[in-house]
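S.K.: below is the sequence, then the predicted model.
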Amino acid sequence: MPTHRDSEAKEPDVIKELREGTWLQNARARKQYQKSKWNNLVMALALPIYLGAAYGLISFAAFVRNLLHPGHVGPPLAYTNVVAGACVVFAPLVASIFIAFVGANFLVYQIPPARRAFDKESEAMPSIGYSVSQRALLKIGVPTVIVTVVLLVIAAVIG
C-alpha cells in the first residue's frame, strides 16, 4: 500500500513549467518513474478513444450546421467560410487529446494489476499518481472541450 495519499499529492503546474522553460526536463524526470508495461496499454487505448472523440465532435458540428442550415448542399465538411471549416476540423483534434487520455487512464486503472503497478510507481514520485494525473488532465481538458464546443457552434452558425 502507498504510504501517502494519492489524492493529497499536488499535480505539476504545467503553465508555470512552460513559462520557466522547465516542462520538458520535468516531464522527462516524471517519465523515468513510469516503467510499467501498463503505460503502453494507456497509449494503445488512447488512440481509438481519440479518433472516436474527434469523429464525435466533428459529427456534432455537422449535425448542428445541418440543423441551422437545412438547405445545405454538398459534402458534410464543406463550409462556406474557411475559418469555420478550420475550426470544425482542428478544434476537435485538440480537445480529443484530453478526452482520450482521461478515458484511457480511467479504463486501465480499473484493472487491478495495473492499479497496483501505477500505485507503486507513484510512491517514488507522487506527481505521477492516478488522481493527480486525472486532475491535471481535467484542469486543462474541461476548458478546452468547452471552448471547442463553443467554436463548433459558432462555425455551424457561420455555415
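M.R.: Thanks, I have it.
S.K.: and the next helix or strand past the worst-scoring helix or strand of the chain on mean pLDDT?
M.R.: Taking mean pLDDT, DSSP states H and E as the measure, the helix or strand of the chain with the lowest value is helix 23-32, at a mean of 62. Moving toward the C-terminus from helix 23-32, the next helix or strand (DSSP states H and E) is helix 38-68.
S.K.: go through that next one and flag the buried ones.
M.R.: Buried positions in helix 38-68, judged by neighbour count with 16 or more other Cβ atoms under 10 Å: 38-39, 42, 45-46, 49-50, 53-54, 57-58, 60-62, 64-65. (Each C-beta comes from the backbone N, C-alpha and C, glycine too.)
S.K.: number of residues surrounding residue 134?
M.R.: Residues contacting residue 134 under the criterion other Cβ atoms under 10 Å number 18.
S.K.: which ones are touching it?
M.R.: 102, 105-106 (Cβ atoms under 8 Å, 6 or more residues apart in numbering).
S.K.: so residue 155 sits against residue 87, correct?
M.R.: Yes. Between residue 155 and residue 87 there is a contact at 4.3 Å, judged by Cβ atoms under 8 Å.
S.K.: list the contacts for the most far-flung residue of the chain relative to its centre?
M.R.: In the chain, counting by Cα atoms, centre = their mean, residue 71 sits farthest out from the average C-alpha position, at 34.5 Å. Residue 71 makes contact with no residue, according to Cβ under 8 Å, 6+ apart.
S.K.: now do residue 53
M.R.: Residue 53 sits in contact with 92, 95-96, 99-100, 103, where contact means Cβ under 8 Å, 6+ apart.
S.K.: for these, which one is nearest residue 147?
M.R.: Comparing the contacts of residue 53 against residue 147 with Cβ to Cβ places residue 95 closest, at 7.8 Å.
S.K.: not counting its neighbours along the chain, what's nearest the closest one?
M.R.: With Cβ to Cβ, 6 or more residues apart in numbering as the criterion, residue 95 has its nearest non-adjacent residue at 3.9 Å, and that residue is residue 148.
S.K.: and that neighbour, how far from residue 112?
M.R.: Separation of residue 148 from residue 112 (Cβ to Cβ, to the nearest Å): 34 Å.
S.K.: these two: which is more packed in?
M.R.: Set residue 148 next to residue 112 and count neighbours by other Cβ under 10 Å: residue 148 wins out with 24 against 8.
S.K.: give the contact list for the residue nearest the centre of the chain.
M.R.: Centroid-nearest residue in the chain, with Cα atoms, centre = their mean: residue 98, separated by 0.6 Å. Applying Cβ under 8 Å, 6+ apart, we find residue 98 in contact with 137-138, 140-142, 144-145.
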